[in-house]
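Visitor: generate coordinates for the sequence data below:
(one chain, ligands or ions: 2)
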Amino acid sequence: MIAEPQICQPSPAAVAEHPRLSPRADDALPSISIVAPAYNEQEAIAEFHRRVSEVLRAIGAPYELVLVNDGSTDHTLALMHALQADDAQVMVVDLSRNFGKEIALSAGLDHSSGEVVIVLDADLQDPPELIPEMLRGWREGYDVIYGVRSHRDGESWLKKATAHLFYRLIGSVSRVEIPRDTGDFRLMTRRVVRELSRLREEHRFMKGLFAWVGFPSRPLVYRRSPRLAGSTKWSYWKLWNLALEGITSFTIGPLKIASYLGLSVAFLSLLYAAFVIWKTLMYGDPVRGYPSLLVVVLFLGGVQLISVGVLGEYIGRIFNEVKGRPLYLVNRIIPSQLHTKTSASPPEAR
Ligand code: UDP
Ligand code: MG
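Guide: Ligands and ions are numbered 1, 2, ... in the order given. Here you go, the predicted model:
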């Protein structure tokens, strides 16, 4: 059962005032690529195909479904092949191994060829029924219509709380404004996808990259449904790493914090040294103070280790980037009908 999606419409005045918008005709229909990365989604993939196809057929535009198999170890790939055999709108991009959602998504974007691209999770957490609403935003002239979650049904309070905290943290430290409570569910025009595919950094934090490219964008508030089947592929450890990725690829704030922390500790130590000298002169120096000595040593050691760790996080990323490896490798591609019709050839998996 899908909860009634809440929809956020900008006022007509806001649209009129947006200087960069060039609205499209009311009945304009772009060719649509749906991009869905999937990792072990055997329970969901067929239902995903059914629901998305239903919505797209009702819209009546030419479309394709780019299903990216991110090295699944279950029957996901076989099911994708079966869907493809029955439905020429389906394209299968089979990656050579599991590369993680962010990269699988990029692979799907690289191989899509529609005039607009819509990113959906294969577990049906993002309701495909909102696609017509996204197209309305496209007709208003927006290049990006991004889903903002008003509710996250079926997710634990800890996940919601940590996600909430993370969005606020990254919002306050990052140089580009990353919309809050926004996932990968979005519609993008071809030019946005083209620009996005030029960002080939290996440490990918898609939410940040989406925000970085910019272009006229508007939110679409919706209720995130629980997973159709299976369980989330994101453990808290993976989420922590994603958060680290987000912070280190979008701000050098932690490096600055490390230096300011170092500076203030050094300054405090100077004050303390002055105090110790004064005390010795005034009252002599009975050999005491072992606990305070230990505290200071440990504290300084801790600060240094943290700072080295922060440095390490950045250096590690530099190390990975300079290797210049391709983002992903493809095992096999089965193109869709739309793909063979439009001449767009998939870019090299640079
Ligand atoms: N996914 C993927 N590769 C991975 C992990 C996940 O392609 O290594 C896909 C997954 O199949 C799903 C989407 O990314 O379609 C979102 O994953 P998940 O539902 O586990 O994340 P959540 O919705 O819990 O944030
Ligand atoms: Mg999910």
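
Visitor: up against ligand 1, what does this structure have?
Guide: Neighbours of ligand 1 within the chain, by CB under 6 Å from any ligand atom: 37-39, 41, 70, 98, 100-101, 104, 121-123, 125, 232-234. Every residue, glycine included, has its C-beta placed from N, CA and C.

Visitor: please repeat the previous calculation with a cut-off of 5 Å.
Guide: 37-39, 41, 70, 100-101, 104, 121-123, 232-234 (CB under 5 Å from any ligand atom).

Visitor: scan these and report the most crowded one.
Guide: Highest neighbour count within the residues of the chain next to ligand 1, by other CB atoms under 10 Å: E41, with 30 neighbours.

Visitor: hang on, that residue in a strand?
Guide: No: with DSSP: H, G, I helix; E, B strand; the rest coil as the criterion, E41 is located in coil rather than a strand.

Visitor: sorry, back to before: and ligand 2, which of the residues of the chain next to ligand 1 reach it?
Guide: D121, D123 (CB under 5 Å from the ion).

Visitor: JSON lines please, covering the residues of the chain next to ligand 1 and showing secondary structure and pLDDT.
Guide: Shown next, in JSON lines, are these (DSSP: H, G, I helix; E, B strand; the rest coil; pLDDT from 0 to 100):
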{"residue": "P37", "secondary structure": "strand", "pLDDT": "95"}
{"residue": "A38", "secondary structure": "strand", "pLDDT": "94"}
{"residue": "Y39", "secondary structure": "coil", "pLDDT": "92"}
{"residue": "E41", "secondary structure": "coil", "pLDDT": "89"}
{"residue": "D70", "secondary structure": "coil", "pLDDT": "92"}
{"residue": "G100", "secondary structure": "coil", "pLDDT": "88"}
{"residue": "K101", "secondary structure": "helix", "pLDDT": "89"}
{"residue": "A104", "secondary structure": "helix", "pLDDT": "94"}
{"residue": "D121", "secondary structure": "coil", "pLDDT": "90"}
{"residue": "A122", "secondary structure": "coil", "pLDDT": "89"}
{"residue": "D123", "secondary structure": "coil", "pLDDT": "87"}
{"residue": "T232", "secondary structure": "coil", "pLDDT": "70"}
{"residue": "K233", "secondary structure": "coil", "pLDDT": "68"}
{"residue": "W234", "secondary structure": "coil", "pLDDT": "71"}
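
Visitor: closest to Y328 out of the residues of the chain next to ligand 1?
Guide: Nearest to Y328 among the residues of the chain next to ligand 1 is A104, at 7.5 Å by CB to CB.

Visitor: my understanding was that the closest one contacts P37; is that so?
Guide: Yes: with contact defined as CB atoms under 8 Å, A104 reaches P37; the gap is 3.5 Å.

Visitor: between the residues of the chain next to ligand 1, which is nearest L255?
Guide: Looking across the residues of the chain next to ligand 1 and measuring by CB to CB, the closest to L255 is G100, at 25.2 Å.

Visitor: test my guess that the closest one contacts P37.
Guide: No: counting by CB under 8 Å, G100 sits too far from P37 to count as a contact (9.0 Å).

Visitor: okay, and the common contacts of these two?
Guide: Counting by CB atoms under 8 Å, 6 or more residues apart in numbering, the contacts common to G100 and P37 are D70.

Visitor: circling back to that earlier point, identify the contacts common to A104 and P37.
Guide: In contact with both A104 and P37: V68, D70, using CB under 8 Å, 6+ apart.

Visitor: the stretch 201-350 of the chain against ligand 2: which residues are in contact?
Guide: With the criterion set to CB under 5 Å from the ion, the stretch 201-350 of the chain never comes near ligand 2.

Visitor: ranges for the strands of the stretch 201-350 of the chain?
Guide: 217-224, 330-334 (DSSP state E, counting those that start in this stretch).

Visitor: hey, which of those is tucked in deepest?
Guide: strand 217-224 (a mean of 20; mean count of other CB atoms under 10 Å).
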